[in-house]
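Novice: sequence-free structure coming up:
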């Protein structure tokens, strides 16, 4: 966006400021609103679990398939049905409280949050204008040959594209489609489940099915058979197909990382850096893999010689 604006504005300072305003409008604003919605829905979910306690769970576990499954669990772990239900409710409530605490902790210190945003804006502002010179200077300090530096840059670009475009972007689209479907079909806490689909997208094999699958079961339990059928169609032909169609197009010819590595790099990034870690985590992993690949290639060449 900055490079595009610079073609027409011809002033790096104005182009940088304009790009920062665009970032505020299309990224920071929506994400802050998303955080607010998730906080509200987590509060609602916690209160619902407290008020309903075991009543709703009794109805669900009386369903024939789940009843058989619960009996096997009870016999395996030698616990009573009341203890199992109480454990499920308490764990769901604790999970909701932990998620709520993680979100509100990051926004709790207003002064710290404002300072962080200012530092981000200052950094991005100067990187827009001096980024190419900065990257060129970094290359001078890299302990690699010119060919290795070029290969490293290409590999990092490829891995970043395959990670961010083929991973994070597709996960975002799946979460967006899933959240909208949940909302239109009347499933409570649609934004929360949409965010859950974003993270579930990185789980191998099952992926987002572990979120929208139970959503189908919920609708069927409520007797909304048409809505349940619609969610199945959306899950199979929209949410899942986004990954099958877009991923090969986005990462065609690029270095690919296993999905499970992207998943754990996102979790590690969020653990260390907060919410922005879902971008930083994969980036760190991408650079690490690229550098290790160069060392491996150099070692193989040395042995060959």
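Specialist: Good, I have the coordinates. As the structure is a prediction and not an experimental result, all values here were calculated from the model.
Novice: so how far is residue 270 from the closest residue to residue 191 other than its chain neighbours?
Specialist: With Cβ to Cβ, 6 or more residues apart in numbering as the criterion, residue 191 has its nearest non-adjacent residue at 4.4 Å, and that residue is residue 37. Where you see a C-beta, it was placed from the backbone N, CA and C, and this is true even at glycine. For residue 37, the distance to residue 270 equals 19 Å [Cβ to Cβ, to the nearest Å].
Novice: Looks like the residue nearest to residue 191 contacts residue 189 (just checking).
Specialist: No - Residue 37 is not in contact with residue 189 according to Cβ atoms under 8 Å; the separation is 9.4 Å.
Novice: Past the helix or strand hosting residue 243, which element shows up next along the chain?
Specialist: Taking DSSP states H and E as the criterion, residue 243 maps to helix 240-250. Following helix 240-250 in sequence order, the next helix or strand is helix 259-273 (DSSP H and E).
Novice: for that following helix, packing partners?
Specialist: On a contact count with 3 or more Cβ pairs under 8 Å, 6 or more residues apart in numbering; DSSP states H and E, helix 259-273 meets helix 277-304.
Novice: Residue 188 in helix, strand or coil?
Specialist: Three-state call for residue 188 (DSSP: H, G, I helix; E, B strand; the rest coil): coil.
Novice: Next, give phi and psi for it.
Specialist: Reported as degrees, to the nearest 10, the phi and psi values for residue 188 are phi -60, psi 160.
Novice: Can you tell me the number of residues neighbouring it?
Specialist: Using other Cβ atoms under 10 Å, residue 188 is surrounded by 13 other residues.
Novice: Give me the pLDDT for it.
Specialist: If you check residue 188, the pLDDT there is 80.
Novice: got a list of what residue 200 touches?
Specialist: Contacts for residue 200 were tallied using Cβ atoms under 8 Å, 6 or more residues apart in numbering; they are 206, 207, 208, 209, 210, 211.
Novice: Could you point out the helix or strand that follows the strand or helix carrying the last one?
Specialist: Assigned by DSSP H and E, residue 211 falls within helix 209-221. Per DSSP H and E, the first helix or strand lying C-terminal to helix 209-221 is helix 225-234.
Novice: just checking, what packs against that next one?
Specialist: helix 170-184, helix 209-221.
Novice: Provide the contact partners of that helix at residue level.
Specialist: With Cβ under 8 Å, 6+ apart as the test, helix 225-234 has contacts from 177, 178, 181, 182, 185, 186, 212, 215, 216, 219, 220.
Novice: And the residue nearest to the fourth one when sequence neighbours are not counted, how far from residue 281?
Specialist: Just to be clear, that refers to residue 182. Leaving aside its sequence neighbours, residue 182 sits nearest to residue 190 (Cβ to Cβ, 6+ apart; 3.9 Å). As judged by Cβ to Cβ, residue 190 and residue 281 stand 26 Å apart.
Novice: In terms of neighbours, single out the busier of those two.
Specialist: Taking neighbours as other Cβ under 10 Å, residue 190 and residue 281 compare with residue 281 leading, 24 against 20.
Novice: Assess the claim that that one and residue 269 are in contact.
Specialist: Yes - contact criterion Cβ under 8 Å: residue 281 and residue 269 qualify, at 2.1 Å.
Novice: just the buried members of the contacts of helix 225-234?
Specialist: 177, 178, 181, 182, 185, 212, 215, 216, 219, 220 (16 or more other Cβ atoms under 10 Å).
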